Structure formats: structure tokens, C-alpha cells
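Student: Quick one: sequence and predicted model below, then my questions.
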Amino acid sequence: MILDLGQYANLGFWIMQAIVGVIFIYHSWSKLKHPSQIAQAYHAPAFVGFFHGLVELVGGMLLIINVLAQPTAFILGLIMLGAIYFKMFKWKTGFSSHSGVGWEFDLILLACCIAILTRV
């Protein structure tokens, strides 16, 4: 017998959204602590690394508290598209990696952002 868990769909969706928010917050710290290292990887000025971290920090918080979730998911989705682009075409990172993180991680975050963005 299959349990009717559909009644918990909104809660389950928010849990997914909050977890995505926590992940973005976690990954924002390195960008905020070492903005020049992040910016150097993208061949950009240091303030770009700091701004990137700030967007991820604030975006993650907004997802957790479920405020402006759809515009936030759009912006974070663009960041994920950029991350996938750099990993695939600039840094030649594979889909997965045993010694690091491939772009599969970015792809699942992009999929979650799309789900949040298209939520009715």
C-alpha cells in the first residue's frame, strides 16, 4: 500500500528549497573570505568575487525564509549556468570527478533553481 504523501508536498518542496539555500550560503563563505582568489579564477577584479559571494549569501537566506524565492532562483540559476559553462568549457572539468567536484553538482542546483522558479 502506498501512503498518500501528497499532503506534504508543500513542506517537502520548502525543505528542498531550504537545503538549496543552505548550500548557497555554505559556498558563499569562501567567496566572501577570499574574493581575489575567486575573481582570479574568472579573470575578474576582486570585487566580483565578493559580490558573487554576497549574492549567494543573500540568495540562500531568501530561499530559506521563502521571500522572493522565484526571482532569487532565477539569479542563482544564472550563477549555476555560469559555473557549468566555466567548468565545462574553460576549465575542462568532467561531469564528475573523484578528486574534486564535477559539474554534476552545479547541474542539480540548476535543476532545483528551475523547480523553484517554475513553482506555481
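Tutor: Done, it's in.

Student: among the helices and strands of this protein, which one scores worst on average pLDDT?
Tutor: helix 35-41 (a mean of 85; mean pLDDT, DSSP states H and E).

Student: Return the set of buried residues in the next helix or strand after that helix.
Tutor: Next in sequence after helix 35-41, counting helices and strands by DSSP states H and E, comes helix 46-65. In terms of neighbour count (16 or more other C-beta atoms under 10 Å), helix 46-65 has its buried residues at 48-53, 55-64. Backbone N, C-alpha and C define where each C-beta goes, glycine included.

Student: Tell me the predicted confidence for the residue nearest to A39 when sequence neighbours are not counted.
Tutor: Using C-beta to C-beta, 6 or more residues apart in numbering and skipping residues adjacent in sequence, the residue nearest A39 is G49, 3.6 Å away. Predicted confidence (pLDDT) for G49: 89.

Student: Assess the claim that G49 and S30 are in contact.
Tutor: No. Using C-beta atoms under 8 Å, G49 makes no contact with S30, being 9.3 Å away.

Student: Next, show the common contact partners of those two.
Tutor: Both G49 and S30 are contacted by Q37, I38, under the criterion C-beta atoms under 8 Å, 6 or more residues apart in numbering.

Student: quick check: mean pLDDT across the longest helix along the chain?
Tutor: Counting residues, the longest helix in the chain under DSSP state H turns out to be helix 9-33. Averaging pLDDT along helix 9-33 gives 96.

Student: and it, what other elements does it pack with?
Tutor: Packing contacts for helix 9-33, counted by 3 or more C-beta pairs under 8 Å, 6 or more residues apart in numbering; DSSP states H and E, involve helix 35-41, helix 46-65, helix 69-85, helix 104-117.

Student: which residues are contacting that helix?
Tutor: The set of residues external to helix 9-33 that reach it, using C-beta under 8 Å, 6+ apart, is 5, 37-38, 49-50, 52-57, 59-64, 66, 69, 76, 109, 112-113, 115-116, 119.
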